[in-house]
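K.L.:
Below is the sequence, then the predicted model.
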Amino acid sequence: MIARRSIHHSPQLGLILSTIALTAALICSSTSAKCIENERKALLKLRQGLVDDSNVLLSWKNHTDCCHWRGVKCNSHTGHVVMLDLYSDETSLRGKIDVSSLLELRHLNYLDLSFNDFEIFQLPNSIVSLSQLKHLKLAYTNLVGSIPHQLGNLSYLQTLDLSWNSNLTAINLDWLSSLSSLRSLNLSSVDLSKVVSWPQSVSKLPSLLELQLDSCNLPHVSPRLLPLINSLRVLRLGNNSFNSSIFSWVVNVSKNLVEIRLDRNQLKRALPDVFADMVSLDKLTTLDLRNNLFWGPFPDLKNFLSLKNLFLDYNQLNGSVPESIGQLSTLEQLGLSSNSFRGVLTEVHFANLSRLNYLDLSYNHLSLNFSSNWIPPFDQLEYLLLGSCNVSAAKWIQTLRNLTWLKIAEANISDSITDCFSGSISSLCATRLFALDLSNNNLSGELPNCWMQFDNLDFLNLANNHFSGNLPASLGNLSSTDLILDLGNNNFSGSILPIWNIFSKMEILNLGNNSFSGEMPSLESCDSLLFLGLRNNKISGRIPECIARQNPPALAVLDLQSNEFYGSIPSSLCNLQALQVLDLSRNNISGIVPQCFSNLTAMSLDNVTLSNFHRYPYVSYKKSCPSTNVMWKGKETEFGANLQYLRSIDLSSNRLSGQIPESITLLKWNTLNLSRNRLTGIIPDKFNPGSQLESLDLSNNQLYGRIPGILSSLTFIDKLDLSYNKLTGRIPSSTQFGTFDASVYLGNEDLCGQALKKSCSGDDDKPDQVPDKTEGDADEDGFLRFGFYVSVAVGFVVGFWGACGSLIFQSSWRYSFFAFMTRINDQIYVATRVTKARSQRALGAGWYVVNS
């Protein structure tokens, strides 16, 4: 009976025991998962040196379990930190990385600090103490120095990524042979120029699947000496200046290759032959041959039915694009831009490309001819770039609801913007589009008031069209940060106020060459602004102060040419340390040229470029950067992509007065134009010897004095205009000045020299002559003459009575002085008489000898 009762209750007892066991396990698990104290302190110490603007490490608080901190993972049994993942995409950390704190985490098997803006640091030899590491990722972290060979002791390592640390070097890679478990190696941008044996080193990695050595300046090696790496699946060797000989190794290094990237090299060969050699690579999914010298027609792709990504941009390919490309049903990305393809693309070319999400056909000689009711099969397309293609109608684009980038620039579209898209522009996938480029067409009419629907738009380029009317109020609702807005070269009018409430979000704003009017609003909060172009409008008032919260402000180009500004140049412009191009010409600005221009740091340094002008993937910088005209070597020249290398100041055609400040001549600009003002004084004789000055225009002012000889030492200068001033003296006769004709010096009546075929008189060496004075100048000189006479009188009184007065009123001094003078007189008299007597005796003796 007892036995039966025990059997009867056993299921309940089992359930109770299981519950107890599970609870105990959870309690033990919870207890064991707590962070180890010394590792928690090490993480807190690591955080102390970091600047966390985006609160990435907000959860890293004292007296809390570090196993629950963001980016930290602990072993569930031991509590040791086994993973530290602070990889950053948009919210990067800054500051000093405490390497010693990292070395306290001895149980780490995963460490990723990639894409953080740390202060420069070196990877220590003691990295070997992290002996459990399997994944080490330090891309874009400002690593410097040499890669320590002790990395070879991390025998468990499977992933090593030290890429894009351009100040990191390696003398050799022999230590790689110890990493038998390594599956992925990425040293892109690391300087490997001295590692001649790099192929042999990587071939000793039996498990290697991915090899990325982009931009490493790899030394050229004979293909016959290159070993095979049979395990390899991904090979990236872009931007290493390889010639075509490397290709024979690439196509044979492994039969398992699925990705080959050889972009930005010097590969020169007929493209059909290249594909014929790769016929055995039937698993290939990605092929990137951009920016090389391949030539010939479009290749036969019938043996590459697995291709997903094909990039042939920026080569020398020609002929037509075959219809057979429409049968590559696996294709996801296709780039053919900047070649010489010709012909018409029809619906057949895209028949089975249902997976396509990126298409770039820009800058060829292609036309797109689709039926009016065609619905493309690639409804997942995100990037569509048709620059310079002949697009007869754009209605089919409205069906692409997932577009994020749309470029139809230079596409010969001639219509109103609403007719072009068969209705409102808001039909262009308003909720997803973040970049829209319709520039360089013949689009006309007013802009629709629908921009509030473009929630993600941060790039809008409608430049070089025929749009007119006022700016719609909804443009002021664009909410993206770092906004790029280019409406230049249209017929817009009215006020620019509708967009000024988003000014603080802008990175580039170009409204030049329109008919905008009214006053320019405040430039307060211009923190992120890089480029401001308002040239050739009718904007009036004073130039507003630029009061930026960021220190220093980012503004690099300020172009206000040909407006109706008046008043003086605001001193706050001198705080724009990043400024490289300043154009205030053709306004009514008065006052002096500020002395504080010496604060324009970017114009005082070498190798400063506007690198931030381009931040969008898949798009050529040369085709999307803003442009402006600069008075360059006597004529207006448009600067687009090369604007980033220019340093220029143009204050011409205003009413500036006073002297040219020496501070402005010590900057390292390419062009300086102060012509057509009311400047006076001499030309400063100090110019920066490191300046690459190519154009200097000081014409039509009231400058006087000599042409400073220092100008002849500026070897880059090839455009000089000093005409219509009051300069005097000889024109420097250096080789540099010998290249300029007489027009450079016209209107300076007192100049002479070979260039003017006018000889210089003997008076040429006199000091600089001040020209005829105006009434104000005469008053100033009268004051100077009066001061001179007063100084002479004071000097006479002090000098005469200081010496003679003491002799008159001090008798003892007077007696001593005259006694001293008497002794000197007697000594001179005696010396003279003795010398005379000796001379007479010598002459007498000589006469006696001759006559005897």
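P.N.:
Arrived safely. Numbers count the residues shown, from 1 in each chain.

K.L.:
Going by C-alpha atoms from here, please, whenever you check contacts or count neighbours.
P.N.:
OK.

K.L.:
Now do the same for residue 20: its pLDDT.
P.N.:
Looking at residue 20, its pLDDT is 51.

K.L.:
cool, residue 10 as well?
P.N.:
Value listed for residue 10 in the pLDDT field: 47.

K.L.:
cool, and residue 510?
P.N.:
93.

K.L.:
got it, and residue 805?
P.N.:
61.

K.L.:
Also residue 688?
P.N.:
67.

K.L.:
The one 10 residues further on too?
P.N.:
Looking at residue 698, its pLDDT stands at 95.

K.L.:
Low-confidence regions, this protein specifically.
P.N.:
1-33, 415-431, 525, 547-552, 605-645, 688-691, 735-736, 762-823, 825-827, 829-852 (pLDDT under 70).

K.L.:
any chance you could map the helices in this structure?
P.N.:
Applying DSSP state H to the chain gives helices spanning 2-32, 37-48, 99-102, 198-203, 247-250, 271-277, 417-420, 621-624, 662-665, 775-809, 811-851.

K.L.:
Identify all contacting residues around the third one.
P.N.:
The reference is to helix 99-102. Contacts with helix 99-102, where a contact means C-alpha atoms under 8 Å, 6 or more residues apart in numbering, come from 42-43, 45-46, 123-124.

K.L.:
possible to save those as a markdown table with distance to residue 461 and neighbour count?
P.N.:
As requested, these are exported to a markdown table (distance: C-alpha to C-alpha, whole Å; neighbours: other C-alpha atoms under 10 Å):
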| residue | distance to residue 461 | neighbour count |
| --- | --- | --- |
| 42 | 50 | 17 |
| 43 | 46 | 20 |
| 45 | 47 | 16 |
| 46 | 44 | 17 |
| 123 | 44 | 16 |
| 124 | 48 | 16 |
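
K.L.:
between these, which is closest to residue 219?
P.N.:
Residue 219 lies nearest to residue 123 out of these, by C-alpha to C-alpha, at 24.6 Å.

K.L.:
The closest one contacts residue 143, doesn't it?
P.N.:
Yes - using C-alpha atoms under 8 Å, residue 123 is in contact with residue 143, at 7.1 Å.

K.L.:
so how far is residue 123 from residue 191?
P.N.:
Distance, residue 191 to residue 123, by C-alpha to C-alpha, to the nearest Å: 15 Å.

K.L.:
swap in residue 150?
P.N.:
Residue 150 is 10 Å from residue 123, by C-alpha to C-alpha.

K.L.:
Over to residue 248?
P.N.:
On the measure of C-alpha to C-alpha, residue 248 and residue 123 end up 36 Å apart.

K.L.:
And residue 563, by the same measure?
P.N.:
55 Å.

K.L.:
Just give me the neighbour total for the nearest residue to residue 258 once chain neighbours are set aside.
P.N.:
With C-alpha to C-alpha, 6 or more residues apart in numbering as the criterion, residue 258 has its nearest non-adjacent residue at 4.0 Å, and that residue is residue 284. Number of residues near residue 284 (other C-alpha atoms under 10 Å) recorded here: 24.

K.L.:
check contacts around residue 284.
P.N.:
Here residue 284 is in contact with 257-260, 304, 306-307 (C-alpha under 8 Å, 6+ apart).

K.L.:
out of those, who's nearest residue 707?
P.N.:
residue 260 (61.0 Å).

K.L.:
Surely the closest one touches residue 234?
P.N.:
Yes - the criterion here is C-alpha under 8 Å, and residue 260 meets it with residue 234 at 6.3 Å.

K.L.:
Next one: residue 744 from residue 683, what distance?
P.N.:
15 Å.

K.L.:
Residue 464 reaches residue 438, doesn't it?
P.N.:
No - using C-alpha under 8 Å, residue 464 makes no contact with residue 438, being 9.0 Å away.

K.L.:
mind checking how far residue 95 is from residue 50?
P.N.:
Where residue 50 is concerned, residue 95 sits at a distance of 5 Å (C-alpha to C-alpha).

K.L.:
what's the overlap in contacts for those two?
P.N.:
Joint contacts of residue 95 and residue 50 (C-alpha under 8 Å, 6+ apart) are residue 118.

K.L.:
The residue nearest to residue 258 and residue 213, how far apart?
P.N.:
Taking C-alpha to C-alpha, one finds residue 284 at 19 Å from residue 213.

K.L.:
Same check on residue 177?
P.N.:
Looking at residue 177 against residue 213, where the rule is C-alpha to C-alpha, the gap reads 17 Å.

K.L.:
Compare the two (neighbour count), which wins?
P.N.:
Set residue 177 next to residue 213 and count neighbours by other C-alpha under 10 Å: residue 213 wins out with 23 against 16.

K.L.:
Now the more buried one: closest residue in space, sequence neighbours ignored.
P.N.:
residue 188 (4.4 Å).

K.L.:
Give me the number of neighbouring residues for that neighbour.
P.N.:
Neighbours of residue 188 (other C-alpha under 10 Å): 25.

K.L.:
Tell me if I'm right that it and residue 164 touch.
P.N.:
Yes - counting by C-alpha under 8 Å, a contact exists between residue 188 and residue 164, whose distance comes to 5.7 Å.
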